[in-house]
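In: just coords:
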């Protein structure tokens, strides 16, 4: 299984599809975030899916329950979205699960953004360590019947221990050694994240801003393969 999810953090479908052309068969899974979704909506999801690629729709849904339920129903009814993110609040997760119904869309709960650190949590009024909040949200996500978790690679081992083998773990904030961190604060290398229990790695600028995106993917996969001896077999997503 190819564990890479390439983040299409671009401004248009044209730019996204061009990037996919440059990557070719080095990646099978793509993330559509808020910028691209705001520009193109479900049409770009249809384009990506039509090319035989899987789609991770990273909208981090967070609203009153009825709104989340109805939005999830609209998205999942397309049959084109493999992963959809929602915030790790119990009422939000329950509403998303109800809206998803019996579709094949898998719901991922977001714990704490990888761009957040302890100072950011304090600013929001959370008087607890980042790890405590992550652990609480993992337990709530499991109780709510979520299919997986989005978490920092620094917490993935603990998340796996709490969530068990049934949850799919997706980790942004992954950078090869020597790569720029950008606006991420809690990061690890691809090999470290997979060794600690991640199933999928969300990779953005290291690939999308590379002179040769396909080569960048291949180098990350080679790096992962080199470190695979220290990690158990990947779980099916």
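Out: Looks like it came in fine. What you are looking at is a predicted structure, and each value in this text was computed from that prediction instead of being measured.

In: rest of the way, CA atoms for contacts and neighbours
Out: Will do.

In: So, low pLDDT: which residues of the protein?
Out: Scanning the chain for pLDDT under 70 picks out 112-118, 120-122, 127-128, 177-187, 227-237.

In: now the strands: where do they sit in this structure?
Out: 4-7, 29-32, 54-61, 83-87, 106-110, 148-150, 168-171, 200-203 (DSSP state E).

In: Give the partner strands of the third one in its sheet and their orientations.
Out: Sheet neighbours of strand 54-61, with direction, are listed as strand 29-32 (parallel), strand 83-87 (parallel) (DSSP bridges).

In: Next up, the contacts around the residue sitting nearest the centre point of the chain.
Out: Nearest to the geometric centre of the chain sits residue 170, at 4.7 Å (Cα atoms, centre = their mean). Contacts for residue 170 (Cα atoms under 8 Å, 6 or more residues apart in numbering) come out as 148, 149, 150, 151, 198, 199, 200, 201, 202.

In: and the two most separated of those residues?
Out: Greatest spatial distance in these: 148 and 202, 14.1 Å, computed using Cα to Cα.

In: Check the gap between the residue nearest to residue 46 when sequence neighbours are not counted and residue 50 for me.
Out: Leaving out its chain neighbours, the residue that sits closest to residue 46 by Cα to Cα, 6 or more residues apart in numbering is residue 80, at 6.6 Å. According to Cα to Cα, to the nearest Å, residue 80 and residue 50 sit 9 Å apart.

In: I'd like to know which of the strands paired with strand 54-61 is closest to residue 174.
Out: Of all these, strand 29-32 comes closest under Cα to Cα, at 14.4 Å.

In: who touches that closest one?
Out: 4-9, 45, 48, 53-58, 202.

In: Residue 109 pairs with what?
Out: In beta-bridge terms (that is, DSSP bridges), residue 109 pairs with residue 86, residue 149.

In: Any idea how many residues pack against it?
Out: Here the number of neighbours of residue 109 (other Cα atoms under 10 Å) works out to 31.

In: Touching, it and residue 91? I think so.
Out: No - using Cα atoms under 8 Å as the test, residue 109 is too far from residue 91 to be in contact (11.8 Å).

In: picking that back up, give me the beta-bridge partners of the residue nearest to the centre of the chain?
Out: Beta-bridge pairing for residue 170 (DSSP bridges): residue 150, residue 200.

In: how close does it get to residue 203?
Out: To residue 203, residue 170 is 11 Å away according to Cα to Cα.

In: Just the helices from this structure, written as ranges.
Out: Ranges of helices in the chain, per DSSP state H, are 13-23, 34-40, 42-50, 65-76, 90-100, 118-123, 130-143, 156-163, 190-195, 205-208, 213-226.
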